[in-house]
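Chemist: sequence and computational prediction follow.
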Amino acid sequence: MSTPAETASADHPHGLWEPPSAVRRLQLISNAESVAIVGASNKPSRSSHFVATYLLSSSTFRVHFINPTVDEILGRPVYASLHDLPESPDIVDVFRKPQDVPGIVDDAVAVGARTVWMQLGIENTEAAQQAKDAGLEAVQNRCLKIEHARFHGGLHLAGFNTGVISSARQKLDI
């Protein structure tokens, strides 16, 4: 009789998916040159729009937008699917429902992406395992903008850049 670990190994040739460490997430971000935002929105109130604005202004990534219902976001073309991109993205940043992620992983594998990154609130461990089994990295429930800013020194506790370079609490002049 096989143990659960042996069964898991037989079912998953690359082993079971585990969340990448902070060091590994830094490596994924540092080694990436392009990002495709799946579920990008042209509405400024949406988190995907905020993340896109940040990545365009504060990173060196080539940023591509995926949304079959929009033609342009932030003055840039929008593609209907990952298959329509002019290049294979290093990171596929997902802003879709958890149940949509397995299909996105299939597309990411087909276009030669290296990482599937599920944004805050998006978790699908089966899809993360699917990505890992196909040789991709997978990140769940993490914001690419927050992680990038955290690793590049531009993050305040609330998630924005204060412009203050000090660890001392600032006194208010009242």
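Modeler: Great, that's in hand. Numbering: from 1, shown residues only.

Chemist: would you map the strands across this protein?
Modeler: Along the chain, counting by DSSP state E, strands occupy 34-38, 62-66, 72-73, 76-79, 91-94, 115-118, 137-139.

Chemist: contacts for the last one next, please.
Modeler: Just to be clear, that refers to strand 137-139. By Cβ atoms under 8 Å, 6 or more residues apart in numbering, the residues outside strand 137-139 that reach it are 17, 19-20, 24-25, 28, 105, 114-118, 127-129, 131-132. The C-beta positions use only the backbone N, C-alpha and C, and glycine is treated the same way.

Chemist: 10 Å instead?
Modeler: For strand 137-139, the external contacting residues (Cβ atoms under 10 Å, 6 or more residues apart in numbering) are 17-20, 24-25, 27-29, 31, 90-94, 101, 105, 108, 113-119, 122, 124-125, 127-132, 147.

Chemist: okay, and the helix or strand of this protein with the least pLDDT?
Modeler: Lowest mean confidence among the helices and strands of the chain (mean pLDDT, DSSP states H and E): helix 4-11, at a mean of 49.

Chemist: residues contacting Asp84?
Modeler: Asp84 makes contacts with 64, 66, 68, 77-78, 111, as judged by Cβ under 10 Å, 6+ apart.
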